[in-house]
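Undergrad: give me a 3D structure for the following:
(2 chains)
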Amino acid sequence: KNEVEQSPQNLTAQEGEFITINCSYSVGISALHWLQQHPGGGIVSLFMLSSGKKKHGRLIATINIQEKHSSLHITASHPRDSAVYICAVLNNNDMRFGAGTRLTVKP
Amino acid sequence: EPEVTQTPSHQVTQMGQEVILRCVPISNHLYFYWYRQILGQKVEFLVSFYNNEISEKSEIFDDQFSVERPDGSNFTLKIRSTKLEDSAMYFCASSSDHGVGGYTFGSGTRLTVV
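TA: Numbering: from 1, shown residues only, chains lettered A, B, ... in the order given. This is a model prediction of the structure:
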C-alpha cells in the first residue's frame, strides 16, 4: 500500500467548476505539501499545512490530522489550472509523494 | 522572487558515463534536496543535505550517487556510472527550515541515458 494516496487520478472539469482533490496518508507527518506540476515538468509549491486550513486566491487546502486526510479545492476553475497536483508528506527527514492528480479544465 | 536554479535543463549521456547535475539553491536556505521523477511515475526522494553532510537518503541513493556543496553556493548530484534506468527528471529543492515552511523547487534537469 502506498503511504500517500491521491484521488481521483484524473479529473476533467468545465471552466468555472469547483474542484476537490483528496489525499490520504498512512504515516506520521510533520507537514503536508500540495504541489503543482506544469506540463513542462516544473514543480511549484502551493501550500504547506500542519493543521487547519489555508487559502491563497482561488485555492484552499485543508488537513485533518486525526483522519490523516487533506483536500485541495479550486474555486471557479480556469483552463490555466490544468496541471498535475501532487500531495507530499514530510516524514522524518524525507518527503513522500503521491502519484498526483491530473486536472484538465476545459473552456 | 528567489529561485532555485538548475543546470543543464537537459543532458544526454552515454551509459556508463559520469554526470554531474548542478543546482544553485536560494542563498539563505540551509536544507537541500534532490528528487527524481521517472517519466510517467511519481516523484521520489533521493537525498537531503544539511550542514555539509547527508541527513537522509533513500534506498535509491546507492553508491553510484553522491552529493556535494563544493563552494557554498552550488549543490551538485553526481551519478558515477549512469545506467539506462537513471533516465529521469531530477529536481533540486531547498528550504530554510527543513520543509516545514515550504520548499522551493528548481525547474529540473532532464537526464537521458542512451
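Undergrad: buried set for stretch B:45-54?
TA: Under the neighbour-count criterion of 16 or more other C-beta atoms under 10 Å in any protein chain shown, stretch B:45-54 has B:45-49 buried. C-betas here are computed from N, CA, C, even on glycine.
Undergrad: tell me where chain A has strands.
TA: Taking DSSP state E as the test, the strands found in chain A are A:4-7, A:10-14, A:19-25, A:31-37, A:43-49, A:52-56, A:59-64, A:69-74, A:83-91, A:94-97, A:101-106.
Undergrad: quick check: angle from the longest one to strand A:10-14?
TA: Strand A:83-91 and strand A:10-14 meet at an angle of 130 degrees, taking axes from the mean of the first three to the mean of the last three C-alpha atoms, to 10 degrees as the criterion.
Undergrad: what's the span of stretch A:52-70, first residue to last?
TA: End-to-end distance of stretch A:52-70 (C-alpha to C-alpha, to the nearest Å): 10 Å.
Undergrad: I'd like the average pLDDT over that stretch.
TA: For stretch A:52-70, the mean pLDDT works out to 95.
Undergrad: got a list of contacts for the one helix or strand in chain A whose mean pLDDT sits lowest?
TA: In chain A, the helix or strand scored least confidently by mean pLDDT, DSSP states H and E is strand A:94-97, which has a mean of 85. Under the criterion C-beta atoms under 8 Å, 6 or more residues apart in numbering or on different chains, residues A:3-4, A:25, A:27, A:33, A:86-89, B:33, B:35, B:42-45, B:48, B:56, B:58, B:99, B:103 lie in contact with strand A:94-97.
Undergrad: thinking again about what came up before, in CSV: the strands of chain A, plus mean neighbour count.
TA: Formatted as CSV, the strands of chain A follow (neighbours: other C-beta atoms under 10 Å in any protein chain shown):
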stretch, mean neighbour count
strand A:4-7, 19
strand A:10-14, 13
strand A:19-25, 19
strand A:31-37, 22
strand A:43-49, 20
strand A:52-56, 12
strand A:59-64, 18
strand A:69-74, 20
strand A:83-91, 23
strand A:94-97, 22
strand A:101-106, 17
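Undergrad: now do the same contact list for residue 79.
TA: No chain in the question, so chain A it is. Contacts of A:Pro79 (C-beta under 8 Å, 6+ apart): A:15, A:105-107.
Undergrad: hmm, I had chain B in mind actually
TA: Counting by C-beta under 8 Å, 6+ apart, B:Ile79 has contacts B:18-19, B:21, B:64-65, B:86, B:111.
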